[in-house]
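> I'd like to go over a predicted model; first the sequence, then the structure.
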Amino acid sequence: MREGLSLQIKNDLVEIERLTQEVGSWCREQALSGVVEFQIDLVLDELVSNVIHHGLKDSKEHFIEVSLHRDGHDLVVEVEDDGVGPPGGGRATTILPWTRRRWQRALS
């Protein structure tokens with residue numbers, strides 16, 4: 001069983017299908033419920049689609065790094081890209097505490 005999942009995808013919406021397949025496979029290896037798998041897939045689909053549509057504005061090939069791993073009863077999901085970043089610079093961080101609590105209960 002893989003401890004974590006690390007995946008590099010291109011800035012192409014077609015890649016979301018590969019992301020979905022890899023994440024689903026990893027979730028099943030981790031014995032996560034179908035509900036948790038669906039929630040992770042939904043969040044990543046929206047997030048990666050948003051990066052492709054809004055964060056990567058030129059026509060160059062870019063890569064998006066997606067990683068997942070368990071930290072005790074927590075599930076850590078990270079998405080990084082080489083796009084323009086948030087207004088004013090810096091690093092965008094999204095915290096979804098309600099999702100974290102739901103996933104924690106599902107992982108327990």
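Okay, I see it.
> show me the shaky parts of this structure.
1, 84-108 (pLDDT under 70).
> now do the strands in it.
With DSSP state E, the ranges of strands along the chain come out as 4-10, 63-71, 74-81.
> what does the last one contact?
Defining contact as CB atoms under 8 Å, 6 or more residues apart in numbering, one finds that strand 74-81 is touched by 11, 32, 36, 40, 43-44, 47-48, 51, 55-56, 62-70, 100, 103-104, 107. Every C-beta, even on glycine, is put in place using the N, C-alpha and C of the backbone.
> quick one: distance of stretch 12-25 to the chain centre.
Here stretch 12-25 shows a centroid-to-chain-centroid distance of 10 Å under the convention CA atoms, centre = their mean, to the nearest Å.
> would you mind writing the CA trace of that stretch as CSV?
Output of stretch 12-25 as CSV, limited to C-alpha atoms (Å, rounded to 0.1, in the frame of the first residue of the first chain):
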residue,chain,number,x,y,z
ASP,A,12,-5.1,20.2,-19.7
LEU,A,13,-8.7,19.4,-18.6
VAL,A,14,-8.2,15.9,-20.1
GLU,A,15,-5.8,15.2,-17.3
ILE,A,16,-8.5,15.5,-14.7
GLU,A,17,-9.7,12.0,-15.7
ARG,A,18,-6.3,10.6,-14.9
LEU,A,19,-6.3,12.5,-11.6
THR,A,20,-9.7,11.0,-10.7
GLN,A,21,-8.5,7.5,-11.5
GLU,A,22,-5.3,7.8,-9.5
VAL,A,23,-7.0,9.4,-6.5
GLY,A,24,-9.8,6.8,-6.5
SER,A,25,-7.2,4.0,-6.6
